[in-house]
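> Got a sequence here, can you model it:
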Amino acid sequence: EVKILKGNLIQLPFIEITKEEDELLSTYVQNIIDGDDSSNHLLQKTVFKLFNLNDTQIKHIKEKIYGTTKK
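From the prediction side, this is the model:
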C-alpha cells in the first residue's frame, strides 16, 4: 500500500490547461476505455506537447514505461 500525502501532490508539476484541452484529453481517455487503442498514441502525444517535452525526454519516459523505446 502506498500513502500519498498532500505534500507529495503539491510537488507534482501540474499544468494549467484550457477547457478545450481538457475535453480533448477526456475524449481520448473515454475512447481508450471503450477499446480504441489508437487513442492511446494521441493521448500520449497530446500530454507530451502540453508539458513541452523534447524528443530526449519523451524517449526516456517511454523507456521507463515500456522498457524499450516505442514510437
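> Can you say which helix or strand has the nearest residue to residue 25 once chain neighbours are set aside in it?
Nearest residue to residue 25, sequence neighbours excluded (CB to CB, 6 or more residues apart in numbering): residue 46, at 6.4 Å. Every residue, glycine included, has its C-beta placed from N, CA and C. Residue 46 is part of helix 38-50, with elements assigned from DSSP states H and E.
> Buried residues of that helix, list them for me.
For helix 38-50, the buried set under the neighbour-count rule, 16 or more other CB atoms under 10 Å, comprises 39, 42-44, 46, 48.
> in the chain, which helix or strand is least confident?
Taking mean pLDDT, DSSP states H and E as the measure, the chain has helix 6-10 as its least confident helix or strand, at a mean of 86.
> Can you show me the CA trace of that one as PDB?
The C-alpha coordinates for helix 6-10 follow below in PDB (Å, rounded to 0.1, in the frame of the first residue of the first chain):
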ATOM      1  CA  LYS A   6      -0.800  16.300   0.300                       C
ATOM      2  CA  GLY A   7       2.900  17.500   0.400                       C
ATOM      3  CA  ASN A   8       3.700  14.900  -2.300                       C
ATOM      4  CA  LEU A   9       0.900  16.100  -4.600                       C
ATOM      5  CA  ILE A  10       2.000  19.700  -4.200                       C
END
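> For the residue nearest to residue 25, give me the pLDDT.
Note for residue 46: predicted pLDDT of 97.
> need the contact list for it.
Applying CB atoms under 8 Å, 6 or more residues apart in numbering to residue 46 gives the contacts 21, 24-25, 28.
> any idea how far it is from residue 1?
According to CB to CB, to the nearest Å, residue 46 stands 32 Å off from residue 1.
> residue closest to the middle of the protein?
For the chain, the residue nearest the mean C-alpha position is residue 47 (4.5 Å; CA atoms, centre = their mean).
> what's the burial count for the nearest residue to that one once chain neighbours are set aside?
Spatial nearest neighbour of residue 47, excluding adjacent residues (CB to CB, 6+ apart): residue 25 at 7.6 Å. Using other CB atoms under 10 Å, residue 25 is surrounded by 16 other residues.
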